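J.: Below: sequence and its predicted model.
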Amino acid sequence: MALFLSLSNFMCKMLKQPLERMTDADSNNPGVQPISTNANRVSWQGQVIHLSGRQWQPYDDGSWLVVFMESHSRYCMMLHYPLKPDWAQLQQDFYSHWKLHAIGWLRANRFIRNDDHGMQVLDNMEHYFEQTKVNRFRNLDPSIGAHITEVQHYLHSLFDDHKPRDFDSEQAWELSMFINQQPRKINGQRSKKHQFIPVDRFIDDVLYRFASGICDQNFPDIKSGDFPCPYLQKPALRVLK
């Protein structure tokens with residue numbers, strides 16, 4: 001398993017992280033490479049929205065909204081900081097939010113039916129975080145960047161239409177919950193049958209990657225208690241001698 005974090009140039013500057021730019025196989029087009037998630041890898045794009053300047057009035061308090069979006073599901077997590085965070089804090093919060101989002105949706109959809117199931121998923125996630133190599137790059141996937149731009153439109157709509165008293169972590173959480181339940185279109189397709197809901201894909205990934213041992217259904221060629229892989233590319237297996 002591998003974890004890819006593609007961090008925008010703005011985000012790297014905020015964190016003071018001089019990361020290497022991602023390039024293609026021919027070492028071209030640095031910093032604008034597409035990222036992908038599959039059976040063996042999870043990829044997230046990170047971007048920052050700085051609530052500063054006239055366009056964010058009257059919410060221009062100088063706070064920082066960090067947006068992480070997973071490449072396959074387009075599922076987003078929003079982390080709000082009154083003060084600029086450092087990398088250690090952000091990485092810890094990223095893992096914590098991933099667990100909170102995962103457990104919350106699995107409980108809401110009754111995949112987690114008791115405390116033992118919840119602890120099993122959390123243990124699996126903790127093991128993943130401890131054992132998985134993290135690859136960080138200075139990069140902004142153009143396609144995901146366009147979706148993150150939509151997040152800014154949702155944020156403006158929240159401010160203009162609902163006029164909350166302030167914007168904080170709770171508001172960021174609720175906005176992300178709303179966004180993740182809105183349909184998105186598959187590239188090049190316009191019909192409704194080619195739409196998908198980010199949270200549905202996110203749940204499928206969490207079940208496959210972190211919910212081993214709690215499934216009460218049987219799937220062909222799948223170990224009892226596990227969920228099927230939602231990706232066409234199956235995990236690479238090695239025969240140990």
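T.: In hand now; what should we look at? Numbering: from 1, shown residues only.
J.: From the chain's centroid, how far away is the helix or strand bottoming out on mean pLDDT in the chain?
T.: Within the chain, no helix or strand scores below strand 184-185, which has a mean of 84 by mean pLDDT, DSSP states H and E. Between the centre of strand 184-185 and the centre of its host chain there is 16 Å, according to Cα atoms, centre = their mean, to the nearest Å.
J.: now do stretch 88-105
T.: Taking mean C-alpha positions (Cα atoms, centre = their mean), stretch 88-105 and its chain are 10 Å apart.
J.: Could you export that stretch as CSV, CA atoms only?
T.: Listed in CSV are the C-alpha atoms of stretch 88-105, where the atom choice follows Å, rounded to 0.1, in the frame of the first residue of the first chain:
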residue,chain,number,x,y,z
ALA,A,88,3.3,18.1,11.8
GLN,A,89,-0.1,19.5,13.0
LEU,A,90,-1.6,19.3,9.5
GLN,A,91,-0.6,15.6,9.0
GLN,A,92,-2.0,14.6,12.4
ASP,A,93,-5.3,16.4,11.6
PHE,A,94,-5.4,14.9,8.2
TYR,A,95,-5.3,11.4,9.6
SER,A,96,-7.8,12.3,12.4
HIS,A,97,-10.3,13.7,9.9
TRP,A,98,-9.9,10.7,7.6
LYS,A,99,-10.8,8.4,10.5
LEU,A,100,-13.7,10.6,11.6
HIS,A,101,-15.2,10.8,8.1
ALA,A,102,-14.7,7.0,7.6
ILE,A,103,-16.3,5.9,10.9
GLY,A,104,-19.1,8.5,10.6
TRP,A,105,-20.2,7.2,7.2
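J.: how about that stretch: buried residues?
T.: Leu90, Gln91, Asp93, Phe94, His97, Trp98, Lys99, His101, Ala102, Ile103, Trp105 (16 or more other Cβ atoms under 10 Å). Backbone N, C-alpha and C define where each C-beta goes, glycine included.
J.: again with stretch 47-67
T.: Counting neighbours by 16+ other Cβ under 10 Å, stretch 47-67 gives Gln47, Val48, Ile49, Leu51, Trp56, Tyr59, Ser63, Trp64, Leu65, Val66, Val67 as buried.
J.: do stretch 205-215 as well
T.: Those would be Asp205, Val206, Leu207, Tyr208, Arg209, Phe210, Ala211, Ile214, Cys215, for stretch 205-215 by 16+ other Cβ under 10 Å.
J.: Can you get me a residue count around Phe219?
T.: 12 (other Cβ atoms under 10 Å).
J.: same question for the longest strand anywhere in the chain, mean pLDDT?
T.: Ranked by residue count and defined by DSSP state E, the top strand of the chain is strand 41-50. The pLDDT scores in strand 41-50 average 97.
J.: Inside helices: which ones of the buried residues of stretch 205-215?
T.: Asp205, Val206, Leu207, Tyr208, Arg209, Phe210 (DSSP state H).
J.: sorry, back to before: and the least confident helix or strand of the chain, which strands flank it?
T.: strand 195-196 (antiparallel) (DSSP bridges).
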